Every structure is written in C-alpha cells, then in structure tokens.
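1. Below is the sequence, then the predicted model.
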Amino acid sequence: MESAEERAAFEALRLASDRRMQAELCADPAIKTLSEELRRSGGLDAPRRRFLAEGMRVSAAMIPDLVKDVRECLTLCGLGGRSVEVFVRDEPLANAACIDYGEGPILMLFSSSLLERLSQGELRSVVAHEAAHAAFGHHALPAAWLLRQEGRLDPRQALRLMAWNRRAEISCDRVGLVACKSLQDATKALMKLSSGLSEPILRFSVDEYVAQMRDIQSLAASADASELFSSHPFSPLRVAALAQFWDSRPFAEAAGGGTARVSAEEAERRVEELLRAMEPERAEAGSAPARDAALWGGLWLASCDGGIDPAELAAMAAWAEPAALAAASTELAAGADPAARARERFLVNAKACAGLAAADRHALLQKLIVVARADQVVKPAERAVLAEMAAAFATDPAFVERVLSIFE
C-alpha cells in the first residue's frame, strides 16, 4: 500500500495550478450538476463499450512489454492495486487514452501506430502520462464532454476548463518524464505523437530544440502561436516546460536525475509564465486596445445576424467591464446598423493590437470564438465574422475551426 510520504512525493510532481483549478471547477454548481448527470446517465460505461467494440483487449502473454510498462507506471502513480484493462486499436494516428472514473477497472487504449513508432523509453513516457491522469483524478472533470453540452456553460467557464486542461497535460508530462528518466525520450514521444514521423525520417536533437525554447519571450512572440492553444498536439511550450522540469529539484528527487538547479517554486513560476501566454486575460492586461477589441468584437458577433443576441450579450457580461459594455450597447442601439458600427470599432482596435505578441492575439481570438459559441450554434454569419477577425489580428486562419472543434 502506498504510504502518505510516497503519495505526497507523487503529488509534488503536479502543477499547483492544476490542482487548484480542478478543485474550483469541480465545486462550480453548473459543472458539478453536469458531471453528476453524466454519471447518472450511464455515460461512464460508454468508453469501455467503445474500447471493447473497436479494440482488442491484450494480456501480458500477448504484448508483454506494453502490459509490463502499464503495471509499472500504475505502481509509480500509486495505482498498483487497481485492476486495469489494456486495449490496442488499429489506427493510423499515434494515439493513447486512459479512462478512470473511480469505479471498475482503469481503461488504457493505445493505437497500433503508436506501438510501432515509439521506442520503449518513449512509450513508457506516454504510458505514465496516461496513468497520471487517473492518479491525479483528472477524469472527475470530463472537460471534453462538458464543453460539448449545449447551452450549459458560459464562455468564462469554457475558457477556464480549457486553461485547466492545458495544466493537467503539463502535470502528466512531468510524470512521463519521471517514468522514462530521459528528456530526449519524453520530448521525442511528443514530437512523434504530433508529426506521425519516426526514425529514420525523424532525426531529433533535444538539445538543439530546447535551446530554441529557453527564451520565453521569444516563444510568446512567435509568428504563429496557434499551436500554443492545443492541449494534446506537440508544441514548443510543452517541450520548454519539460526542459524546465528536468532542471528542477522535484524531478531530481523523484527520478534521481536532471540538474536540480531550480527550486520547486521557481519551476512552478516558470511554467505559469509559459502558460500565461495562452490566457486571454493576459492579452488584455494593460492594453486598452485589446480590451476594446474584445468588447467590440463580442458586440459585432452578437449583432452580425440582424439583432443583438441576448445569450452572447449575457456571455460578455461575465467578463466585460459593466460600464463599458452598457455604453457600447447604448451606442449601437442608437445607430441604424449596429453590426457595421461594432465592426468599425473592432477593426480600429484590432489594428492597434498589432504590437501584441502572437500568443496574445490568438488568445483574444479564442475569447471571441467562445463568445460566438455562447448560444451553442455558430451561424454562417458568425463564422464569416470570425474569419475576418482572424485576418484583422494577423492570426492563423485555421485557428477558428481548431478551437470550434473542441466543442464538437
């Protein structure tokens, strides 16, 4: 049985913000109600039914190395006493998943292409990452399912869920690094998961790549920061976070490696600095044009189909400054074409945002995309507006659809 000291040591690998935000979200009445509905509806059984129907359940006799890694990684995560079912599914994409709702066996699924492409050390980092989701209780907050519920979450809750989900991924990346004890294996696994490439095509130098990521400001000012808003695909941010953790004392204490040059508190601060580059609130802090672009952009979306949508206006009220929102709404109501006026004001402020880092401009666009989803239906007119907004912010045009897909 895991001791209190062992559990505390394992929990020290987790981002403090991951733990805090999950507790806050689980205590949110709307999210708590939705999660309980999922449990009552039998939705907890759906993943196992799907895994049984679409995959092959494997034993130690069938794929001994994989099952051995699963057992050892579960033990590392304090879950050695739990039953587990391991599935492999024929799938061209390198993919892995873990489901655990605290009842029945832990379910782990791996695609055939993942097993074929990854070395043993790389695969071990992925297995431990998935086991960590179960150990940290991340499945108690089914973010992907919650984001798909029509009209049940306001934009602020949705943004908070996405921000927490990114932190949950960083926490689990850390456990993967502890399990494989190799920064190169852990980062190569991330790259292979996103690119679909493997040796001999892929020749990867972790030292060269990490050297590019040392400068946090350069990362935030990257010309294309859209990948920073994805929680699962490979991104420089995740590699930078792993490299920083490799240098930390918590990693040295857990794995007996790394440099131990950085305290736990400093490691936490550095990761939060990276993650803040992805948060909409950061883009607006100290920038009047950014705040006004979000305000007028939201009103443009709310009015683009002929009348101001009450659901989207209510969504904006959750984060817009009340006096500014009231004044802007009054100005639009007095004009003959509210959408045209809101568009005009947005474009002026978006132009003034040109000096913001790319991550900040993508963050603002993400906030407006969530506003468009406030009534759970993104109409063609709203999609056209979002495309124009993406161009005005000089952001990746595919980013709009990428974020919308999170809700679908």
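-> Arrived safely. Numbers count the residues shown, from 1 in each chain.

2. switch to C-alpha atoms for all contacts and neighbour counts from now on
-> Noted.

3. could you pull out the strands for the stretch 301-408 of the chain?
-> Shown for the stretch 301-408 of the chain, no strands are assigned by DSSP state E, counting those that start in this stretch.

4. That one: helices as residue ranges?
-> 310-317, 322-333, 338-352, 358-372, 380-392, 399-406 (DSSP state H, counting those that start in this stretch).

5. of those helices, which approaches R152 most closely?
-> Using Cα to Cα as the measure, helix 310-317 is the one of the helices of the stretch 301-408 of the chain that comes nearest R152, at 11.4 Å.

6. List the buried residues for the closest one?
-> Across helix 310-317, burial judged by 16 or more other Cα atoms under 10 Å covers A311, E312, L313, A314, A315, M316.

7. same question, stretch 17-24
-> The neighbour-count check on stretch 17-24 (16+ other Cα under 10 Å) flags S17, D18, R19, M21, Q22 as buried.

8. Verify the contact between R14 and S171 for me.
-> Yes - between R14 and S171 there is a contact under Cα atoms under 8 Å: 4.8 Å.

9. Which of the two has more residues huddled nearby?
-> S171 (26 against 23; other Cα atoms under 10 Å).

10. The more buried one: what secondary structure?
-> Counting by DSSP: H, G, I helix; E, B strand; the rest coil, the backbone at S171 sits in helix.

11. Surely it is in contact with R19?
-> No - here S171 does not reach R19: they are 9.5 Å apart, not a contact under Cα under 8 Å.

12. before we move on, the earlier item: closest to L115 out of the helices of the stretch 301-408 of the chain?
-> The stretch from the helices of the stretch 301-408 of the chain with the least distance to L115 (Cα to Cα) is helix 399-406; that distance is 26.2 Å.

13. Name the surrounding residues that touch that closest one.
-> If you take Cα atoms under 8 Å, 6 or more residues apart in numbering as the criterion, helix 399-406 is touched by A144, L147, R148, S226, L365, Q366, I369, L386, A387, A390.

14. Now with 10 Å, please.
-> Where contact means Cα atoms under 10 Å, 6 or more residues apart in numbering, the residues beyond helix 399-406 that reach it are 143-145, 147-148, 162, 225-227, 229-230, 362, 365-366, 368-370, 372-373, 378, 383, 386-387, 389-390, 396.

15. Taking their axis directions, that helix and helix 358-372 sit at what angle?
-> With axes from the mean of the first three to the mean of the last three Cα atoms, to 10 degrees defining the directions, helix 399-406 sits at 50 degrees from helix 358-372.

16. Buried residues, helix 399-406. List them.
-> Of all the residues in helix 399-406, those buried under the rule 16+ other Cα under 10 Å are F399, V400, R402, V403, L404.

17. quick one: which of the residues you listed is nearest to R345?
-> Checking the buried residues of helix 399-406 against R345 with Cα to Cα, the nearest one is V400 at 21.0 Å.

18. roughly how far apart are that closest one and K351?
-> 19 Å (Cα to Cα, to the nearest Å).

19. try L295
-> From L295 over to K351 (counting by Cα to Cα), the distance is 14 Å.

20. Same check on W296?
-> For W296, the distance to K351 under the criterion Cα to Cα works out to 13 Å.

21. who has more neighbours, those two?
-> The residue with more neighbours, out of W296 and K351 and counting by other Cα under 10 Å, is W296; that gives 26 against 15.

22. tell me, how many neighbours does the closest residue to the more buried one other than its chain neighbours end up with?
-> Distance criterion Cα to Cα, 6 or more residues apart in numbering; nearest residue to W296, sequence neighbours excluded, is F346 at 5.0 Å. Summarising burial for F346: neighbours were counted as other Cα under 10 Å, giving 25.

23. My read is that F346 contacts L386, right?
-> No - when contacts are counted by Cα atoms under 10 Å, F346 is not listed as touching L386 (11.8 Å).

24. Return every residue with contacts to both of the two.
-> Residues touching both F346 and L386 (Cα under 10 Å, 6+ apart): G297, W300, A392.

25. Not counting its neighbours along the chain, what's nearest C73?
-> C73 sits nearest to A128 (Cα to Cα, 6+ apart), 5.1 Å away.

26. and the one you found, what helix or strand is that in?
-> Secondary structure assigned from DSSP states H and E places A128 in helix 120-135.

27. What's the mean pLDDT across that helix?
-> In this model, helix 120-135 has a mean pLDDT of 97.

28. can you check stretch 165-181 too?
-> 95.

29. Same check on stretch 331-342?
-> Taken as a whole, stretch 331-342 carries a mean pLDDT of 91.

30. can you redo the shared contacts of F346 and L386 as TSV with distance to K181?
-> Written out in TSV, the entries for these read as follows (distance: Cα to Cα, whole Å):
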residue	distance to K181
G297	47
W300	50
A392	44
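
31. Between those residues, identify the one with the most neighbours.
-> When neighbours are taken as other Cα under 10 Å, the top entry among those is G297 (31 neighbours).

32. If we ignore the residues flanking it in sequence, what's nearest that residue?
-> When the adjacent residues along the chain are set aside, G297 lies closest to F346, with 5.4 Å between them (Cα to Cα, 6+ apart).

33. hey, where'd the helices end up in the stretch 51-200 of the chain?
-> If you assign secondary structure with DSSP H, counting those that start in this stretch, the helices in the stretch 51-200 of the chain sit at 64-76, 112-117, 120-135, 143-147, 155-180, 183-195.

34. Out of those helices, which one sits most buried?
-> Per-residue neighbour counts averaged over each of the helices of the stretch 51-200 of the chain give the maximum for helix 120-135, namely a mean of 26 (mean count of other Cα atoms under 10 Å).

35. for the residue nearest to W296, what are its contacts?
-> Contacts for F346 (Cα under 10 Å, 6+ apart) come out as 289-290, 292-300, 340, 352, 389, 392.

36. List just the nearest of those residues to P250.
-> Ranked by distance to P250 (Cα to Cα), these are led by A290 at 37.5 Å.

37. Low-confidence ranges, this protein, go.
-> Within the chain, the segments meeting pLDDT under 70 span 1-2, 42-44, 150-151, 155, 194-236, 277-286, 406-408.

38. Helix 155-180 and the helix holding A128, what's the angle between them?
-> For the pair helix 120-135 and helix 155-180, the angle between their directions (the same axes, to 10 degrees) equals 130 degrees.

39. mind checking how far the residue nearest to C73 is from A163?
-> A128 sits 22 Å away from A163, going by Cα to Cα.
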